[in-house]
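A.B. asks: Here is a sequence with its predicted model. Questions after.
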Amino acid sequence: MKKLIISSLALAVMASCSSSNDDPQDNNGNNDTTPYLLKKITETTDDGDTFVLEFKYNGDKITESFSITDNEKTVYTYNGDNIVKTEEFEGGTLRQIREFTYSNGKISTEKITRTDFGTLVYTKNYQYLNDNHVKFNEYKGSTYNPSTGTYSDLEFAQVDAYLTNNGNVASTRYTYNGTTYNVTNTYDNSNHPMKNVKGYVKIDLFYLSDGELSYNNLISRSENYTGTVSGTNKTTADHTFNNASYPTKSVMTYTTSSFGTSIHTYKYEYNK
């Protein structure tokens, strides 16, 4: 899945207007207590390319996501209701491991081990200044030595993230290599497709590239960067919902000052 879900793509969300990140209760107004669980996403680009991502669960805990198109798989390990490790495979080869620690139910550290080229290891640390302000270090680059397969001179950007009362990332700001990046996101109050998956949204909430993993559905994203380089990136979304306020289709329009506009359509299939 290239945009909406990442390994990293991609995506646990609370009920409409709720502040509980992992509330498994359905809000569809009937007596069916089985939570909605996303089983399949089909992404179609404006070039006609199609990508399919499928999910497996044990109850409301995700065990595996699998991209049929790219032969990529992510395996999830829990401790209680928290995801503590993900293992990402490409064609059967392990490419990346993410390991999480928690404090007071929130991610405090994330250790990343990448083995696609040599072995790169680094740790992201999260500092919660208050309920709506989080700081963390985002990996931005390093020097790779192909003869030893090791990395040195790791570089990070210090990110300030501000959250909405629903726990979505309202804005981020950081400076790297003389350029300052400012992002503003807006969200609806409906159910995100991964709403009921235990612990899922926590691990990718602060993914900086698109803002699409959140506790509600992204409506718009605006990024402006100025300094050594300057430009803009924008995203707008048009969602179609079922009668339980879960999206069945999302049309995402991505516009960048460097590459123009592209449109990706996502169709969602649930367990009911």
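C.D. replies: Yep, it's here.

A.B. asks: What pLDDT does the model give the closest residue to V75 other than its chain neighbours?
C.D. replies: Counting by C-beta to C-beta, 6 or more residues apart in numbering, V75 lies nearest to E87, which is 4.6 Å off, once chain neighbours are set aside. (C-beta placed from N, C-alpha, C; glycine too.) pLDDT, E87: 98.

A.B. asks: ok, now F100?
C.D. replies: F100 carries a pLDDT value of 98.

A.B. asks: Residues touching the host helix or strand of it, excluding its own?
C.D. replies: Element membership for F100 (DSSP states H and E) is strand 93-103. For strand 93-103, contacts defined as C-beta atoms under 8 Å, 6 or more residues apart in numbering pick out 7, 82-89, 107-116, 203.

A.B. asks: Return the subset of the residues you listed lying in strands.
C.D. replies: 82-89, 107-114 (DSSP state E).

A.B. asks: By neighbours, which of those wins?
C.D. replies: Within these, neighbour counts (other C-beta atoms under 10 Å) peak at I83, which reaches 25 neighbours.

A.B. asks: thought it was touching Y200?
C.D. replies: Yes. Between I83 and Y200 there is a contact at 6.9 Å, judged by C-beta atoms under 8 Å.

A.B. asks: quick one: the strands in the stretch 101-250 of the chain?
C.D. replies: For the stretch 101-250 of the chain, applying DSSP state E, counting those that start in this stretch gives strands covering 106-114, 120-130, 133-145, 150-163, 169-176, 179-187, 218-227, 231-241, 247-256.

A.B. asks: got TSV for those, with mean pLDDT too?
C.D. replies: Formatted as TSV, those follow (pLDDT from 0 to 100):
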stretch	mean pLDDT
strand 106-114	97
strand 120-130	97
strand 133-145	97
strand 150-163	97
strand 169-176	97
strand 179-187	97
strand 218-227	97
strand 231-241	97
strand 247-256	97
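
A.B. asks: out of those, nearest to Y76?
C.D. replies: Taking C-beta to C-beta, strand 106-114 is the member of the strands of the stretch 101-250 of the chain nearest to Y76, at 14.2 Å.

A.B. asks: what touches both of I83 and Y200?
C.D. replies: Residues touching both I83 and Y200 (C-beta under 8 Å, 6+ apart): I62.

A.B. asks: now, the most widely separated pair of the ones in strands among the contacts of strand 93-103?
C.D. replies: F89 and S108 (26.5 Å).

A.B. asks: which residues does V229 contact?
C.D. replies: V229 sits next to T179 when contact means C-beta under 8 Å, 6+ apart.

A.B. asks: residues touching the nearest residue to Y181 once chain neighbours are set aside, list them.
C.D. replies: In this structure, Y181 finds its nearest non-sequential neighbour in Y225, 4.5 Å apart by C-beta to C-beta, 6+ apart. Y225 makes contact with 179-182, 231-232, according to C-beta under 8 Å, 6+ apart.

A.B. asks: quick one: Y225 from A157, how far?
C.D. replies: 12 Å (C-beta to C-beta, to the nearest Å).

A.B. asks: just the contacts of Y225 now: which is nearest T74?
C.D. replies: Y181 (27.2 Å).

A.B. asks: is it true that the closest one touches R173?
C.D. replies: Yes. Using C-beta under 8 Å, Y181 and R173 qualify as a contacting pair, with a distance of 6.9 Å.
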